[in-house]
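*Asks:* fold the following, please.
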Amino acid sequence: MPSESAPRDGEDPAALLRRMFDAAVASAQPALCVPPHLPAPPRGRLLVIGAGKASAAMAQAVEAHWPGPLHGLVVTRYGYAAPCRQIEIVEAAHPVPDEAGLRAAQRMLGLVRGLGPDDLVLCLISGGGSALLPLPLPGLGLADEQAVNRELLRCGASIDEMNCVRRHLSAIKGGRLAAACHPARVLTLAISDVPGDAPGDIASGPTVGDPTTCADALAIVRRHGVRLPAAALELLESGAGESVKPGDPRLAGAEFRLVATPRMALQAAAQVARDAGYAVHLLGDALEGEARDVGKLMAGIAQHVARHGEPFAPPCVLLSGGETTVTVRGQGRGGRNVEFLLALGLGLRAEPGVWALAGDTDGVDGAEDIAGAVLRPDTLQRARAAGLRPADSLADNDGHGFFGALGDSVVTGPTQTNVNDFRAVLVQARATPPRPA
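*Replies:* Residues are numbered from 1 along each chain as shown. Alright, predicted model coming up:
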């Protein structure tokens, strides 16, 4: 194995970064992480339900390893279905919900009603479940929930803020799904896509108690200037949208387990870099903030490493995860990972020997079926030669348009999992000038 101070000769940094990203995604594949957490068969029935971009692949893993009869329904994003024999797979829209998701949520609540104490509900949850299980409270319609989602995606709110609002306008999130399963036992297996792995923020916590309140949601709405439909605002102001709280007796038989997390994925990527001879520094798996601000900050760190060998000596890789936000001001194609890279590139000012890859592990950055992109030391030079103005692309929130024009997009297709964003900045050692004879 190469030493951490001596990367392999001829190793293409872009190829290494892509291998790291692929390793992060592979580590969170449901076929690998779900089977070890399957429970013993119940005395009664097993009902499998779930929602998220990984839920269909999770259901497939359950079927492949379950010894007895089962049935169920899970909902996933269009294009993310996996073939199952006994569990019905429904595809619906993400990030803005649609009628297919609404019908699936209604059917799911119908399936869990009437269960007994000997029955077990296995709930498979992953990122994207908030949009894929749209079931507004009485007084609201699907159009209202769609409008709320668009506003939350636009305003720059963090994922925990967005999900707090969603929980208090939903008839299935914020512990309501588990409450509907009572008196059956509920085991939730979750793949985390949120900073800090908070259960209530993964798909807006349909099977866990919610300590936040309508007043908290209302404060978020006001802080970000979110324009809510009148009926939604009334639900929050009146307190009628209050969620199921921790300690509710209907949740006494509910258990929650994390089967894959962003940190696990970053550790898998780190091993690839170490095997290639690079020191690895994990800066955190829960970084948040405006994508362009995080990119500018990371540029300053990488430049200091490259020029002064502080706080880390090159060659090295700076790894981070989490979920940044984008306050949409332009008309571009998004998304948050390519916005981070654009800001990083502008901040680096073509620093020699610094490469980066940022992507969403579910294969979708923003609303595009593009995972992310690669930033190279000559990216800005090539862009300007092609007639692109990087600062204008950033101002227009057009990261996908920018990197796509350069042929530097990272496209994976549906990955069948989701452990949040992946960011790797590779800093090569500068060549030491020869000493005078």
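
*Asks:* could I get the full set of strands for this structure?
*Replies:* In the chain, the segments counted as strands under DSSP state E are 46-51, 71-77, 87-92, 120-126, 185-191, 254-260, 279-282, 316-322, 354-360, 372-375, 409-410, 421-427.

*Asks:* need these in TSV with distance to residue 303, can you?
*Replies:* C-betas here are computed from N, CA, C, even on glycine. Formatted as TSV, these follow (distance: least, CB to CB, whole Å):
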stretch	distance to residue 303
strand 46-51	42
strand 71-77	38
strand 87-92	44
strand 120-126	36
strand 185-191	35
strand 254-260	33
strand 279-282	15
strand 316-322	12
strand 354-360	8
strand 372-375	14
strand 409-410	24
strand 421-427	9
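
*Asks:* between the ones you listed, which one is nearest to residue 308?
*Replies:* Closest to residue 308 of the strands of the chain is strand 421-427 (CB to CB; 11.3 Å).

*Asks:* can you list the strands that that closest one pairs with?
*Replies:* Under the criterion DSSP bridges, strand 421-427 sits next to strand 316-322 (antiparallel), strand 354-360 (antiparallel) in its sheet.

*Asks:* got the ones you listed as TSV, with mean pLDDT columns?
*Replies:* Listed next are the strands paired with strand 421-427 as TSV, based on pLDDT from 0 to 100:
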stretch	mean pLDDT
strand 316-322	96
strand 354-360	97
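
*Asks:* what's the most buried one of these?
*Replies:* Among the strands paired with strand 421-427, strand 354-360 has the highest mean neighbour count (mean count of other CB atoms under 10 Å), at a mean of 28.

*Asks:* nearest to residue 241, out of the strands of the chain?
*Replies:* Here strand 46-51 is closest among the strands of the chain (CB to CB), at 20.0 Å.

*Asks:* could you export that closest one as PDB, CA atoms only?
*Replies:* This file holds the C-alpha atoms of strand 46-51, laid out as PDB (Å, rounded to 0.1, in the frame of the first residue of the first chain):
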ATOM      1  CA  LEU A  46     -45.500  -8.400   8.300                       C
ATOM      2  CA  LEU A  47     -46.400  -5.300   6.500                       C
ATOM      3  CA  VAL A  48     -43.700  -3.400   4.600                       C
ATOM      4  CA  ILE A  49     -44.200   0.300   3.900                       C
ATOM      5  CA  GLY A  50     -41.800   3.100   3.000                       C
ATOM      6  CA  ALA A  51     -40.900   6.200   1.100                       C
END
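
*Asks:* and the contacts of it?
*Replies:* With contacts defined as CB atoms under 8 Å, 6 or more residues apart in numbering, strand 46-51 is touched by 58-59, 62, 66, 68-76, 87, 104, 108, 111-112, 115, 119-126, 128-129, 132-133, 177, 184, 203, 206.

*Asks:* only whichever of those are buried, select them in PyMOL.
*Replies:* Filtering the contacts of strand 46-51 down to the buried ones (16 or more other CB atoms under 10 Å) takes a single PyMOL command:
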select buried, resi 58+59+62+66+70+72+73+74+75+76+87+104+108+111+112+115+119+120+121+122+123+124+125+126+128+129+132+133+177+184+203+206
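
*Asks:* ends of stretch 418-429, what's the gap?
*Replies:* Start-to-end span of stretch 418-429 (CA to CA, to the nearest Å) is 33 Å.

*Asks:* how far does that stretch sit from its chain's centre?
*Replies:* 15 Å (CA atoms, centre = their mean, to the nearest Å).

*Asks:* ok, stretch 287-301 next?
*Replies:* The answer for stretch 287-301 is 18 Å, by CA atoms, centre = their mean.

*Asks:* stretch 266-282 too?
*Replies:* 21 Å.

*Asks:* for it, which positions count as buried?
*Replies:* 266-270, 272-274, 276-281.

*Asks:* circling back: quick one: closest of the strands paired with strand 421-427 to residue 13.
*Replies:* strand 354-360 (4.1 Å).

*Asks:* contacting residues around that closest one?
*Replies:* With CB under 8 Å, 6+ apart as the test, strand 354-360 has contacts from 13-14, 17-18, 20-21, 302-303, 306, 335-338, 340-341, 344, 348, 365, 371-377, 410, 412, 418, 420-428.

*Asks:* surely residue 372 touches residue 365?
*Replies:* Yes: here residue 372 reaches residue 365: they are 5.2 Å apart, a contact under CB atoms under 8 Å.

*Asks:* and residue 37, how many neighbours?
*Replies:* 14 (other CB atoms under 10 Å).

*Asks:* tell me how far it lies from residue 191.
*Replies:* Remark: distance between residue 37 and residue 191 (CB to CB, to the nearest Å) = 11 Å.

*Asks:* anything in contact with each of the two?
*Replies:* residue 259.

*Asks:* circling back to that earlier point, give me the more crowded residue out of residue 372 and residue 365.
*Replies:* Neighbours were counted for residue 372 and for residue 365 using other CB under 10 Å; residue 372 has more, 34 against 27.

*Asks:* that one bridge partners, please.
*Replies:* Residue 372 has these beta-bridge partners by DSSP bridges: residue 359, residue 410.

*Asks:* give the contact list for it.
*Replies:* By CB under 8 Å, 6+ apart, the contact set of residue 372 is 21, 337-338, 341, 357-360, 365, 409-410, 422.

*Asks:* of all those residues, which two lie farthest apart?
*Replies:* Maximum pairwise distance among the contacts of residue 372 (CB to CB): 14.8 Å, between 409 and 422.

*Asks:* who has more neighbours out of these two?
*Replies:* Applying other CB under 10 Å to residue 409 and residue 422 shows that residue 422 carries more neighbours, namely 29 against 21.

*Asks:* now do the same for that one: its pLDDT.
*Replies:* With respect to pLDDT, residue 422 has a value of 97.

*Asks:* surely it meets residue 21?
*Replies:* Yes: counting by CB under 8 Å, residue 422 touches residue 21, with 5.6 Å between them.

*Asks:* quickly list what's touching both of those two.
*Replies:* With CB under 8 Å, 6+ apart, residue 422 and residue 21 have common neighbours 269, 357, 359, 361, 372.
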